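**Q** coordinates for the following, if possible.
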Amino acid sequence: MTNTQLWSADDPPEQGLGLMRLTEAGTDPDRDPTAMVHAALGLGVTLLDTAEMYRNEELVGRTIAGRREEIILCSKFGVRWGDSGRFDDWSVHADAATVVSSCEGSLRRLGVEVIDLYYLHHRSEHTPIEETVSAMAGLIDAGKIRSIGLSNVTVEDVRRAHAVHPVHAVQEAWSLSTPVPGLMSETLAELGIALVAHSPTGHGALRAEDSTALGVALADVARHRGVSPGQVALAWVHCQGRRRDEVVVPLPGTTSVRHLHDNVAAIGIELHDSELDRLTEAAAPTSVA
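**A** Presented below is the predicted three-dimensional model:
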């Protein structure tokens, strides 16, 4: 990869791997981080996603050592934890100086010379997005990153950012339990920006059967298909992109080699229109048709 176009609209990655929960393993080989990343590469999953906020970039760097050229490496900046240790104690820093210093830190921790897709992790209420993206464009000119991404932003943010420099991808949660607003989806399609859909199994909640209308629908389709409810939920996201003729790259996260294999197998599940409609209707009003 030598340019800023990581993939074309005609040939996007089928699926990525979210590394938010990647940590040092104990004695369980199923959860060995290096084994999992190498298994992903062996299965053709080359888009690996981490972030400054996850505090695991050094570990990710060790897992990809010697295999850098096989990988579309993604990281994010801008969100910093507070000192309290609480999950809700964080703040956004997106000024130009932070863009540069955060990138340098991520490059050092990852042990690489360039990050393929670099995201603003969350919109800022204080720094104009034009300042942030201009600084990110400077990183492209300097050869530090290859493409610009945004996460947790508004449609207006996307348009303002894209006017400064082309945005390659927007990462948002999308699953049967977490909708992507239609206007965002339409805007990304209009501008030729890929949607990277993180948490496509609802942070794991859609993997388990329950008595809700959606849980029953997932279980019924899963039994008919001979797969798991989580695989059906992931297949639903895959099918949304194909159904809408939009670039959608699901980004399930896992720390298990076994679950990784299950996630990749979901790529080949082509749900019928009747199944897609039933699942969407069962998820209403939280899903978007």
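
**Q** any weak-confidence spans in the protein?
**A** The model of the chain has pLDDT under 70 over residues 1-5, 285-289.

**Q** switch to 80 and redo it
**A** Within the chain, the ranges that satisfy pLDDT under 80 run 1-5, 8-10, 26, 85, 285-289.

**Q** what's the separation between residue 30 and residue 275?
**A** According to Cβ to Cβ, to the nearest Å, residue 30 stands 30 Å off from residue 275. Where you see a C-beta, it was placed from the backbone N, CA and C, and this is true even at glycine.

**Q** correction: the previous question concerned residue 161.
**A** Distance from residue 161 to residue 275, by Cβ to Cβ: 36 Å.

**Q** neighbour count: those two, which is higher?
**A** residue 161 (26 against 20; other Cβ atoms under 10 Å).

**Q** surely that one is in a helix?
**A** Yes. Applying DSSP: H, G, I helix; E, B strand; the rest coil, one finds residue 161 inside a helix.

**Q** might one say that it is in contact with residue 151?
**A** No. Using Cβ atoms under 8 Å as the test, residue 161 is too far from residue 151 to be in contact (11.5 Å).

**Q** name the residues contacting each of the two.
**A** Common neighbours of residue 161 and residue 151, counting by Cβ atoms under 8 Å, 6 or more residues apart in numbering, are absent.

**Q** counting neighbours, what do you get for residue 80?
**A** Using other Cβ under 10 Å, residue 80 has 15 neighbouring residues.

**Q** how far out from the middle of the chain is the helix or strand harbouring it?
**A** Assigned by DSSP states H and E, residue 80 falls within strand 79-81. Its chain's C-alpha centre lies 18 Å from the corresponding centre of strand 79-81 when counted by Cα atoms, centre = their mean, to the nearest Å.

**Q** remind me what that strand packs against, helices and strands.
**A** strand 90-92 (3 or more Cβ pairs under 8 Å, 6 or more residues apart in numbering; DSSP states H and E).

**Q** next SSE downstream of the strand it packs on?
**A** helix 96-110.

**Q** not counting that next one itself, show me its contacts.
**A** 50, 52, 57-58, 60-61, 64, 73, 75, 77-78, 93, 113-115, 118, 131-132, 134-136, 138-139, 144-145.

**Q** need the buried ones from those residues selected in PyMOL.
**A** Command for PyMOL, covering only those of the contacts of helix 96-110 found buried under the criterion 16 or more other Cβ atoms under 10 Å:
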select buried, resi 50+52+57+60+61+64+73+75+77+78+93+114+115+118+132+135+136+138+139+144+145
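
**Q** mind checking which of the contacts of helix 96-110 are in helices?
**A** 57, 58, 60, 61, 64, 131, 132, 134, 135, 136, 138, 139 (DSSP state H).

**Q** nearest to residue 43, of the residues you listed?
**A** Nearest to residue 43 among those, counting by Cβ to Cβ, is residue 64 at 15.3 Å.

**Q** look up how far residue 173 lies from the closest residue to the closest one other than its chain neighbours.
**A** The shortest distance from residue 64 to any non-neighbouring residue, by Cβ to Cβ, 6 or more residues apart in numbering, is to residue 71 (5.7 Å). Per Cβ to Cβ, residue 71 is found 23 Å from residue 173.

**Q** those two: which has the busier surroundings?
**A** Neighbours were counted for residue 71 and for residue 173 using other Cβ under 10 Å; residue 71 has more, 21 against 17.

**Q** hang on, the more buried one packs against residue 46?
**A** Yes. Taking Cβ under 8 Å as the definition, residue 71 is a contact partner of residue 46 at 5.5 Å.
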